[in-house]
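Participant: Provide a 3D model corresponding to the input given below.
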Amino acid sequence: MINKKVGNLEEAMAGVSDGASILVGGQTGAGVPVHLLDKLLEMNVKNLTLITNHTGLGYDGIAKLIENRQVDKVICSFPKTNTSQSFKEMYEKGEIELEVVPQGTLTERIRAGGAGIGGFYTRTGTDTLLAEGKEVKEWNSVKYVLEYPITADFAFIKGYKADRWGNTIYRKAARNYNPGMATAGNITIAEVDELTDEPLDPEVIVTPGIFVDRIIEVKKGAN
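Facilitator: A predicted model of the protein is given here:
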């Protein structure tokens with residue numbers, strides 16, 4: 001029988017190595033896989049590409065990884081936050097690469113990657129710096145920019161509850177990027193508060209287990 005539960009963070013993070021691209025779920029403090037990020041920091045792997053909502057808040061996991069010079073590139077919607085300076089300082093020195101993607105476009109690029117869609121046109125970003133170097137087409141006197149899908153070697157997601165088959169549900173706002181990112185990672189690792197050996201009710205499942213490769217249970221409040 002399928003059992004995607006792993007016993008510790010070392011097993012969960014197997015294969016994550018230098019140069020990996022990683023989708024990181026969460027938005028501000030909601031739905032962030034903090035224990036996976038902390039383990040990534042401990043592993044000290046380098047030259048990472050992170051696809052995420054922002055470049056860190058205060059001294060959270062993303063900010064720590066950037067400050068520790070483990071990240072070469074960030075693809076995100078909000079590169080500047082009021083509480084984290086590491087990325088700003090490194091970017092101004094040319095020590096880290098940035099690709100800014102509007103939030104809706106980022107979500108759709110990730111969804112497209114998970115769905116196997118080769119690209120799509122959007123009005124967002126037309127006639128701005130974000131459209132420079134990109135294909136632009138016009139329909140009915142409206143311009144659209146071609147955007148390409150995003151996939152990654154790994155997706156780190158945070159769930160509220162999962163069963164051992166990998167079926168996952170989320171808690172309120174923690175749902176944000178997590179379901180889409182789960183589909184776009186070559187290997188998807190889910191950090192969850194609660195793991196059950198009983199199958200979840202199919203009517204409440206958000207991420208089907210076919211998209212999840214490994215599950216690590218980390219009780220809420222655990223270090």
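Participant: and the residue lying closest to G185 once chain neighbours are set aside, what does it touch?
Facilitator: Leaving aside its sequence neighbours, G185 sits nearest to A155 (CB to CB, 6 or more residues apart in numbering; 2.6 Å). All C-beta atoms are positioned from the backbone trio N, CA, C, and that covers glycine. Shown in contact with A155 (CB atoms under 8 Å, 6 or more residues apart in numbering): 22-23, 25, 181-182, 184-185, 187-189.
Participant: Now with 6 Å, please.
Facilitator: For A155, the contact set (CB atoms under 6 Å, 6 or more residues apart in numbering) comprises 23, 181-182, 185, 188.
Participant: Same list, those, but as JSON lines with distance to T126 please.
Facilitator: Converted to JSON lines, those look like this (distance: CB to CB, whole Å):
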{"residue": "L23", "distance to T126": "26"}
{"residue": "M181", "distance to T126": "26"}
{"residue": "A182", "distance to T126": "30"}
{"residue": "G185", "distance to T126": "30"}
{"residue": "T188", "distance to T126": "33"}
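Participant: For the residue nearest to G185, give me the pLDDT.
Facilitator: Per-residue confidence (pLDDT) for A155: 98.
Participant: ok so, going back, is it possible to get CSV of the contacts of A155 that adds neighbour count, secondary structure and distance to S84?
Facilitator: Output for the contacts of A155, formatted as CSV (neighbours: other CB atoms under 10 Å; DSSP: H, G, I helix; E, B strand; the rest coil; distance: CB to CB, whole Å):
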residue, neighbour count, secondary structure, distance to S84
L23, 30, strand, 20
M181, 32, helix, 21
A182, 29, helix, 26
G185, 26, strand, 25
T188, 28, strand, 26
